[in-house]
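> Mind folding the following:
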Amino acid sequence: MIPVPRAAIELAKRFEGFERKVKRGTEISAIPYVCPAGFWTIGYGHLCDPKHPPISEAEAEVYLVRDLQTALAATLRYCPVLATEPESRLAAIVDFTFNLGAGRLQTSTLRRRVNQRDWPSAATELRRWVFGGGKVLPGLVTRREAEATCLLRAA
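Predicted coordinates:
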């Protein structure tokens with residue numbers, strides 16, 4: 001089993017953040033919130049029920065690693081060529097899959113370009129996934145650019 005690339009963990013943490021913190025005694029906890037795409041989320045972008053109890057940052061990190069392992073498995077299922085590519089390329093597509101879901105990767109032109117090892121075109125495809133609620137979201141523009149940079153770094 002391929003471990004989750006450290007770069008994928010760093011990307012997810014950079015763009016997800018440990019959101020909606022509240023201080024409870026001496027501990028900082030995360031509480032559920034609605035993300036820009038309209039989903040109930042907690043910690044580092046973990047999908048949850050709106051009634052989910054508050055979690056610590058350590059608990060959020062456990063959720064994150066599990067979610068990234070799921071994204072990694074889906075990424076390698078749909079883009080098997082990434083198993084032999086530099087870790088930065090794998091990390092970029094794992095972060096995309098974590099952020100948008102395996103279904104989006106499965107049906108995308110991005111997947112086709114990755115499997116063709118056409119890295120410049122794959123980076124262009126990544127940069128197209130910047131909409132949320134019908135609007136360009138600046139955070140997604142920044143995230144896709146960071147992923148594209150990782151994808152091209154190994155070239």
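> Using CSV, list the CA coordinates for the longest helix belonging to the chain.
Determined from DSSP state H, the single longest helix within the chain is helix 57-78. Taking C-alpha atoms only, helix 57-78 is exported to CSV below (Å, rounded to 0.1, in the frame of the first residue of the first chain):
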residue,chain,number,x,y,z
GLU,A,57,-7.1,19.3,16.2
ALA,A,58,-5.7,15.8,16.8
GLU,A,59,-9.1,14.2,16.0
ALA,A,60,-9.3,16.4,12.9
GLU,A,61,-5.9,15.1,11.8
VAL,A,62,-7.0,11.5,12.2
TYR,A,63,-10.1,12.3,10.0
LEU,A,64,-7.8,14.0,7.4
VAL,A,65,-5.4,11.1,7.1
ARG,A,66,-8.4,8.7,6.7
ASP,A,67,-10.0,10.9,4.1
LEU,A,68,-6.7,11.3,2.2
GLN,A,69,-6.2,7.5,2.2
THR,A,70,-9.6,7.1,0.6
ALA,A,71,-8.7,9.8,-1.9
LEU,A,72,-5.4,8.1,-2.6
ALA,A,73,-7.0,4.8,-3.3
ALA,A,74,-9.5,6.4,-5.7
THR,A,75,-6.7,8.4,-7.4
LEU,A,76,-4.7,5.3,-8.0
ARG,A,77,-7.7,3.4,-9.2
TYR,A,78,-8.5,6.1,-11.9
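> mean confidence score for the helix or strand following it?
Going down the chain from helix 57-78, the next helix or strand is helix 87-100, by DSSP states H and E. For helix 87-100, the mean pLDDT works out to 96.
> My guess is residue 150 contacts residue 87. True?
No: Residue 150 sits out of contact with residue 87 when judged by CB atoms under 8 Å, with a separation of 9.0 Å. Quick note: C-beta positions are derived from backbone N, CA and C, even for glycine.
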